[in-house]
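> Fold the following and give me the result.
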Amino acid sequence: VLLAWDAEVEIVDSAGQREWHPLSTFYISYRKTLLQQGQYLAAIRIPRHQFELPHRFYKLSKRFEDDISAVMCAVSLQMNRGEIKHARIAFGGVAATPVRALLTEALLLQKKPIDAVIAEACAQLMSEISPISDVRASGAYRKEMACNLLRRALLELRDDVELEVHHYPHSNEAALYV
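This is a model prediction of the structure:
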């Protein structure tokens, strides 16, 4: 989600020196980040305008509650007169680290999200990612689900689908549903 929102992270070392880094550079490889010995993640900065843009987030996992996702998709779009002017598409579970689908984003810019363009974006995404197979899901399943989640997000954002909030009885938790 933070990748789709162009977030930055603040890293502080033991001497108190602070550095800001785009989140897109924070993850180096599987379970490895920019953090060095004696450093910690102090803050996350999200540009305020990101909250005003339409977005969709989806997580596929075996359990609804606390579970590592097989595929996670975050899409943030800005449209003007039916054309996509800003696109951020991020995935978890399809690579060793969370990734942005940069080629798919570029393909969508200045286009109207008609069915043919959405199909083209999905085809681009299929060639852009190459997920592994593990106990959570096969690589083929992850690839197909990433495409399906992207398609769903683009259709919902294109058609301005309203999400309903459903509160669980006897809980402070809520869920969003179409």
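
> bridging residues for residue 32?
According to DSSP bridges, the residues that bridge with residue 32 are residue 29.

> State the distance from residue 137 to residue 88.
Look at residue 137 and residue 88: by C-beta to C-beta, to the nearest Å, they are 24 Å apart. In short, each C-beta sits where N, CA and C put it, glycine included.

> next one: residue 157
Shown here: residue 157 relative to residue 88, a distance of 12 Å by C-beta to C-beta.

> likewise residue 125?
To residue 88, residue 125 is 14 Å away according to C-beta to C-beta.

> Could you check which of the two is surrounded by more residues?
For residue 125 versus residue 88, the count of surrounding residues by other C-beta atoms under 10 Å is larger for residue 125: 24 against 20.

> Now do the SS call for that one.
Three-state assignment for residue 125 (DSSP: H, G, I helix; E, B strand; the rest coil): helix.

> my read: it touches residue 147, true?
Yes: with contact taken as C-beta atoms under 8 Å, residue 125 and residue 147 are classed as touching, separated by 5.6 Å.

> Show me the helices in the protein, by range?
Along the chain, the segments classed as helices by DSSP state H run 23-26, 102-108, 115-128, 139-158.

> For the chain, give me the ranges with low pLDDT.
Under the criterion pLDDT under 70, the flagged ranges of the chain are 64-66, 163-178.

> change it to 50
Across the chain, residues meeting the criterion (pLDDT under 50) sit at 176-178.

> wait, what's in contact with residue 160?
Residues in contact with residue 160 (C-beta atoms under 8 Å, 6 or more residues apart in numbering) are residue 54.

> which residues do residue 157 and residue 88 both contact?
Between them, residue 157 and residue 88 have 75, 77 as joint contacts when contacts are counted by C-beta under 8 Å, 6+ apart.

> before we move on, the earlier item: now render the helices of the chain as CSV, adding distance to residue 49.
Shown next, in CSV, are the helices of the chain (distance: least, C-beta to C-beta, whole Å):
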stretch, distance to residue 49
helix 23-26, 16
helix 102-108, 17
helix 115-128, 23
helix 139-158, 16
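
> Go through the ones you listed and name the closest to residue 78.
Closest to residue 78 of the helices of the chain, according to C-beta to C-beta: helix 139-158, at 9.7 Å.

> CA atoms only for the closest one, dumped as PDB, please.
Included here for helix 139-158 are C-alpha records, laid out as PDB according to Å, rounded to 0.1, in the frame of the first residue of the first chain:
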ATOM      1  CA  GLY A 139       3.800 -19.000  -9.200                       C
ATOM      2  CA  ALA A 140       1.100 -19.500 -11.800                       C
ATOM      3  CA  TYR A 141      -1.700 -18.900  -9.300                       C
ATOM      4  CA  ARG A 142       0.000 -15.700  -8.000                       C
ATOM      5  CA  LYS A 143       0.500 -14.400 -11.600                       C
ATOM      6  CA  GLU A 144      -3.100 -15.100 -12.500                       C
ATOM      7  CA  MET A 145      -4.400 -13.600  -9.200                       C
ATOM      8  CA  ALA A 146      -2.200 -10.500  -9.600                       C
ATOM      9  CA  CYS A 147      -3.800  -9.900 -13.100                       C
ATOM     10  CA  ASN A 148      -7.300 -10.500 -11.700                       C
ATOM     11  CA  LEU A 149      -6.800  -8.000  -8.800                       C
ATOM     12  CA  LEU A 150      -5.400  -5.400 -11.200                       C
ATOM     13  CA  ARG A 151      -8.400  -5.900 -13.500                       C
ATOM     14  CA  ARG A 152     -10.800  -5.600 -10.600                       C
ATOM     15  CA  ALA A 153      -9.100  -2.400  -9.300                       C
ATOM     16  CA  LEU A 154      -9.100  -0.800 -12.800                       C
ATOM     17  CA  LEU A 155     -12.800  -1.700 -13.400                       C
ATOM     18  CA  GLU A 156     -13.900  -0.400  -9.900                       C
ATOM     19  CA  LEU A 157     -11.900   2.800 -10.300                       C
ATOM     20  CA  ARG A 158     -13.100   3.300 -13.900                       C
END
